[in-house]
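S.K.: Need a 3D model of the following:
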Amino acid sequence: MVAENGALLYHPATKEELLLAEPPPARFSEALRANGCEPISVGRVIVATMEPHQQLVLKTIQHFGLELQIIFNKGSVMVLPPGVNKASGLTAALKKMGLSPHNAVGVGDAENDHAMLKLCEFSAAVSNALPALKEAADWVTPADHGQGVAQLIERMIANDLADLDGKLTRHHLEFGVGEDGPVCLPPFGPSVLIAGPSASGKSTVATQIVETIVQRQYQFCLIDPEGDYENFEQAVFMGGPKAAPQIGEVLRVLENPDASVVVSMTGMPISDRPPFFLKLLPHLLQMRARLGRPHWLILDEAHHLLPAEWLPPEGELPPDRSFYFQGPEKKLNLRAQNLILFLQLADGVDDETWEYHRRAGGYSRWLRDSIKDTDLAATVALIEAIPKVDPLEGRRQIRVAIERDYTLPAAGPLPVPGAQ
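M.R.: Numbering: from 1, shown residues only. Next up, the predicted model:
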């Protein structure tokens, strides 16, 4: 919980409190009370009252020579240290959780929500919000107050707000100018392939896209087989002519949402580059499933990393052939476009969801109808038919059955879906 308008973090599970700023001296609130400022509320850091006491608050700040700011919230008058607001508090909370503002959705209704909504990748205002906030938000909910928040949550559960992508043009990455104006890419969208003959400008376009990603503070992991990005100062450089990159070190750097990585393979034999990438890829996919980042996975000279002879027969399945973890009440809608994502999501979903699909024979049906592997489907059907099996053991048995035929993590994961 980000409390006191960004001045305090509170963890409900542990009851831990973390002050993000120093509170005003006690004499400040005492002077306000002595001069008739009522009602007044004093928190861990915040001091709050109501209009029209803002002039008294300002005079008291000046009287004591304090460095404090006044923030309004629909009639409330809040006093806080400078630079403290909901955006600063949310930034601190996200950092503790290893998350990025680019994976955050914000919703608000008043003056003190502006900075927070600007920070979040997607911003919503409930219908009773102040006009200025509704003008700045990406979407205004049809309903007001808590019902508006519920509508936002329902759309997040339904499709991760994909139907509102068109409202997020403020985040589009501009990397050139065409006949009809700026050429842009949505930061979250389909994969991008840059192709063409030598000296056609592929590297120039790619570099411009990467620089734009850096400017907008999206996290990326760039796989560089030929050392073309060795002088790119906006990312942590790993590997190089004298040392092969280490997967563990790459992942440790990426745990910081503010850090991007260039993985150089120039110190590796050409024959070792595809297997290295195919070992790194599952870890990156797991991180994306857990944290939503790195936001961009950039493969330079992709033919060195995924030569034709390495590709397995199944690639990314279309939506109508993908598996969807939804659960008995369809509270989830987690799409697995291929086997590696299926196994990753299977490890992460709750036991109720896992058992619902197992008992319904959903896994074997998908393997038979979409993956077109009747032998594997038959094996999994036997596991599904076990009357009582521990969910953890059921997952393990199905994973063993799949990995018996598909050596996914080590030598042949399916292509990453939706990764730039």
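S.K.: which regions of the chain lie under the pLDDT threshold?
M.R.: 308-315, 407-420 (pLDDT under 70).
S.K.: Got the domain ranges for it?
M.R.: Per automatic domain parsing, the structural domains of the chain span 2-86, 100-162, 213-311, 319-411.
S.K.: among these, which is nearest D180?
M.R.: domain 213-311 (22.0 Å; Cβ to Cβ). For glycine as for every other residue, the C-beta is placed from the backbone atoms N, C-alpha and C.
S.K.: List the contacts of I40.
M.R.: By Cβ atoms under 8 Å, 6 or more residues apart in numbering, the contact list for I40 reads S29, L32, R33, V47, A48, T49.
S.K.: Could you measure from it over to L66?
M.R.: I40 sits 16 Å away from L66, going by Cβ to Cβ, to the nearest Å.
S.K.: Tell me how many other residues crowd the residue lying closest to G239 once chain neighbours are set aside.
M.R.: In this structure, G239 finds its nearest non-sequential neighbour in P245, 3.3 Å apart by Cβ to Cβ, 6 or more residues apart in numbering. For P245, the count of nearby residues is 23 (other Cβ atoms under 10 Å).
S.K.: Could you check how far P245 is from Q215?
M.R.: 25 Å.
S.K.: pull the CA atoms of stretch 235-252 into PDB?
M.R.: The C-alpha coordinates for stretch 235-252 follow below in PDB (Å, rounded to 0.1, in the frame of the first residue of the first chain):
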ATOM      1  CA  ALA A 235      22.900  -0.500 -21.300                       C
ATOM      2  CA  VAL A 236      25.100  -2.900 -19.300                       C
ATOM      3  CA  PHE A 237      27.500  -4.700 -21.600                       C
ATOM      4  CA  MET A 238      28.100  -8.400 -20.900                       C
ATOM      5  CA  GLY A 239      30.500 -10.700 -22.700                       C
ATOM      6  CA  GLY A 240      32.700  -9.500 -25.500                       C
ATOM      7  CA  PRO A 241      35.800 -10.600 -27.500                       C
ATOM      8  CA  LYS A 242      37.600 -11.900 -24.400                       C
ATOM      9  CA  ALA A 243      34.800 -13.400 -22.400                       C
ATOM     10  CA  ALA A 244      31.600 -15.300 -23.100                       C
ATOM     11  CA  PRO A 245      28.500 -13.900 -21.400                       C
ATOM     12  CA  GLN A 246      27.100 -15.800 -18.400                       C
ATOM     13  CA  ILE A 247      23.400 -16.400 -18.100                       C
ATOM     14  CA  GLY A 248      23.300 -15.900 -14.400                       C
ATOM     15  CA  GLU A 249      24.900 -12.500 -14.600                       C
ATOM     16  CA  VAL A 250      22.500 -11.400 -17.400                       C
ATOM     17  CA  LEU A 251      19.500 -12.300 -15.300                       C
ATOM     18  CA  ARG A 252      20.900 -10.600 -12.200                       C
END
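S.K.: change the start of the numbering to 45 and stick with it
M.R.: From this message on, residue numbering opens at 45, which makes the last subject stretch 279-296.
S.K.: buried ones in that stretch?
M.R.: Residues A279, F281, M282, G283, G284, A288, P289, V294, L295 are the ones in stretch 279-296 that count as buried (16 or more other Cβ atoms under 10 Å).
S.K.: Surely the last one is in a helix?
M.R.: If I follow you right, that is L295. Yes: according to DSSP: H, G, I helix; E, B strand; the rest coil, L295 belongs to a helix.
S.K.: quick one, what contacts D188?
M.R.: Contacts of D188 by Cβ under 8 Å, 6+ apart are V170, S171, N172.
S.K.: What's the PyMOL line that selects buried ones from those?
M.R.: Selection of buried members from the contacts of D188 for PyMOL, criterion 16+ other Cβ under 10 Å:
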select buried, resi 170
